[in-house]
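[1] here's a sequence, model it:
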Amino acid sequence: MAHTCKTCGAVAEYPGHLCAPSTETTKCSYCGEKSPHVKHYCKGKMEDLKYVCECGRLATAPELLCKPSKVPA
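    Reported below is the predicted structural model:
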């Protein structure tokens with residue numbers, strides 16, 4: 001069973017490895033897909049993702065990321 005952190009969306013096999021563990025799956029606010037991890041890629045939305053964060057997360061706008069930069073063309 002996977003556990004998801006309610007704070008950052010990290011996934012771990014054991015709840016002790018997370019700061020706020022939960023067995024509930026999260027729902028992506030962008031595409032609505034239920035995903036156990038915050039870093040999934042939304043189907044059909046890749047062309048809209050223009051920014052990448054230092055941590056690897058992608059977004060449509062720089063204000064959605066903590067350390068954004070443009071995705072290389």
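[2] what's the neighbour count on residue 12?
    13 (other Cβ atoms under 10 Å). Using the backbone N, CA and C atoms, a C-beta is placed for each residue, glycine as well.
[3] same question for residue 50.
    Residue 50 has 14 neighbours, counted by other Cβ under 10 Å.
[4] so residue 47 belongs to a helix, correct?
    Yes - if the criterion is DSSP: H, G, I helix; E, B strand; the rest coil, then residue 47 is within a helix.
[5] which residues of the protein score low on pLDDT?
    In the predicted model, the chain carries pLDDT under 70 at residues 1, 25-26, 35-41, 73.
[6] would you mind splitting it into its domains for me?
    By the assignment in automatic domain parsing, the chain contains the domains 1-38, 41-73.
[7] quick one: buried residues of the longest one?
    The neighbour-count criterion (16 or more other Cβ atoms under 10 Å) identifies 3, 4, 5, 9, 10, 11, 18, 21, 26, 35 as the buried residues of domain 1-38.
[8] run the chain-centre distance for that domain.
    Remark: domain 1-38 is offset 9 Å from the chain centroid, using Cα atoms, centre = their mean, to the nearest Å.
[9] for the shortest one, same thing?
    Using Cα atoms, centre = their mean, the mean C-alpha position of domain 41-73 is found 11 Å from that of the whole chain.
[10] thank you, goodbye.
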